[in-house]
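**Q** Sequence plus predicted model, see below.
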Amino acid sequence: MPNYLSNTQGLSLLDNRGLFVSRQQSHWDVVIVGAGPVGGYAAYRLAQSGISVLLLEEHAEIGKPFQCAGLVNPGAMKKVELEHTILSQINGARMYSPSGIEVKIGRTDAIRTHVVCRKLFDEGVVRKGLEVGAELWLKSKPLEVSINPESVSLTIQKQSEKISITASLLIGCDGAHSWVRRQLKMGKPKELMIGYQVEVTGYLGVDGYLDMFTGNDVAPGLFAWAIPNGKTHRIGVWSRAEDLDGRSCEQLIEYLMKQSHWSERFANCRETARFCGPIPCGFVPKPWKQRVILLGDAGGMAKPTTGGGIGPGFEAVDSVIDGLLSAINRNKLTEKDMKKIAKPLMSMRKRQEKARALRDLFVTSCSDDELDTHFEIFSRPEVIRLINEEGDIEKPVPLGLTLLRKVPKFRPLALKAGFAILKSR
């Protein structure tokens, strides 16, 4: 079968002989800008219900470039059944304080998350959409957009030609620097992190475990990581620009690998690739307007605790899909209609703001000495047991509140946490 996910003609449908066919139409029920995993998943959920969907991707192939660490939680993986893209399984984590205190969590009998080949994963998600009727235009991007009472009008640059089309609904799934979001003045994500990572051979890790490093020298305000990636490891860091104090993330990685407490683990590393990009953590104030909705990174939906965007993106799609299908079929996509449809996204935003408040309390607003104090408490056997029993990487707020309630040493933080969570509403 031809690789229609990297076909430069931008054709996506296959007839019963395996040949490319392309719809010649000027109106679509839905146009999705951005054929990453969230855009592909939205196309899949919509097209399988008989909605005509056009996916626009500015690059020549799916899955490139990518900037993330490639983690997909089991819940998200179950939704797309792309287990063949998994490179390694993560059962737990070894976390380190600035002075080197280790906290090892996880169990060998429980998979916490998957590490995937992002190119194969992204291709797989998009292919699911194409197989149920969505169409993909590669090397294509919107140039102009206008919102009318009855439709969205778009001018598309499709390779060397300009095409005018209309749609009932426009979905922006076009990443951290979303064209849709900027063109329609839909605001900015609350936080835009900087992420940087290198892929290496030769890292001394433990099978099934990712490593996380904290401290101002290696990851001010957040953490650095070493993630097993099949035969290699992804060594990365993310941070807020205001916490870098004039340094670059590249300099932080250099320090981690050559001067930190853990430099011996990197002694035999050889770099094979590097990636850099923004991580939008924090919903835009209003990720919808008449006949338009933002999903995934375009709407700032990555988790503020880990920077992961695939799980929240899939959740966002699932939370609005029924409302969108009904509204498209009735052509009821006014500002008021979209606000109602997007109501579940506001619940997601509230949960993420609570998670951000606890992240700031436990990590981001802490000095290195305070982090060491927290890790001393985390490292106690009874606390690790509690984390392993009740911890869920997808639900940091319940875990954080459980620790504040059940671990006496954390009780002085409980009042601060309460105020922080109230403030986040």
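**A** Nice, I can see it. Just so it is clear, the model here is predicted, and its values are computed rather than measured.
**Q** With only the CA atoms kept, save stretch 300-313 in PDB.
**A** Only the C-alpha atoms of stretch 300-313 are listed here, as PDB (Å, rounded to 0.1, in the frame of the first residue of the first chain):
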ATOM      1  CA  GLY A 300      -2.800  25.300  25.800                       C
ATOM      2  CA  MET A 301      -4.000  22.000  27.100                       C
ATOM      3  CA  ALA A 302      -0.700  20.300  28.000                       C
ATOM      4  CA  LYS A 303      -0.500  19.200  31.600                       C
ATOM      5  CA  PRO A 304       1.300  21.700  33.900                       C
ATOM      6  CA  THR A 305       2.800  18.900  36.000                       C
ATOM      7  CA  THR A 306       4.500  16.900  33.200                       C
ATOM      8  CA  GLY A 307       4.100  18.900  30.000                       C
ATOM      9  CA  GLY A 308       2.300  15.900  28.400                       C
ATOM     10  CA  GLY A 309      -0.200  16.900  25.700                       C
ATOM     11  CA  ILE A 310      -1.500  13.700  24.000                       C
ATOM     12  CA  GLY A 311      -3.600  12.400  26.900                       C
ATOM     13  CA  PRO A 312      -5.200  15.800  27.600                       C
ATOM     14  CA  GLY A 313      -5.700  16.400  23.900                       C
END
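**Q** center of the chain, which residue is that?
**A** In the chain, the C-alpha closest to the average C-alpha coordinate belongs to residue 309, at a distance of 1.1 Å (C-alpha atoms, centre = their mean).
**Q** Contacts only, for the closest residue to it other than its chain neighbours.
**A** Closest residue to residue 309 apart from its sequence neighbours, by C-beta to C-beta, 6 or more residues apart in numbering: residue 302 at 3.9 Å. Quick note: C-beta positions are derived from backbone N, CA and C, even for glycine. Contact partners of residue 302, counting by C-beta atoms under 8 Å, 6 or more residues apart in numbering, are 279-281, 308-309, 312.
**Q** how about low-confidence regions in this structure?
**A** In the predicted model of the chain, residues 1-24, 65-67, 391-397, 413-425 satisfy pLDDT under 70.
**Q** Domains of it: list them as residue ranges, please.
**A** The chain breaks down by automatic domain parsing into domains covering 13-65+119-189+282-341, 85-111+192-280, 351-424.
**Q** Please work out which of those domains is packed deepest.
**A** Each of the domains of the chain was assessed for mean neighbour count using mean count of other C-beta atoms under 10 Å. The highest is domain 13-65+119-189+282-341, with a mean of 20.
**Q** ok, back up a step: let's have the contacts of residue 302 in a markdown table, adding secondary structure and distance to residue 256.
**A** Putting these into a markdown table (DSSP: H, G, I helix; E, B strand; the rest coil; distance: C-beta to C-beta, whole Å) gives the following:
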| residue | secondary structure | distance to residue 256 |
| --- | --- | --- |
| 279 | strand | 18 |
| 280 | strand | 24 |
| 281 | strand | 21 |
| 308 | coil | 21 |
| 309 | coil | 23 |
| 312 | helix | 27 |
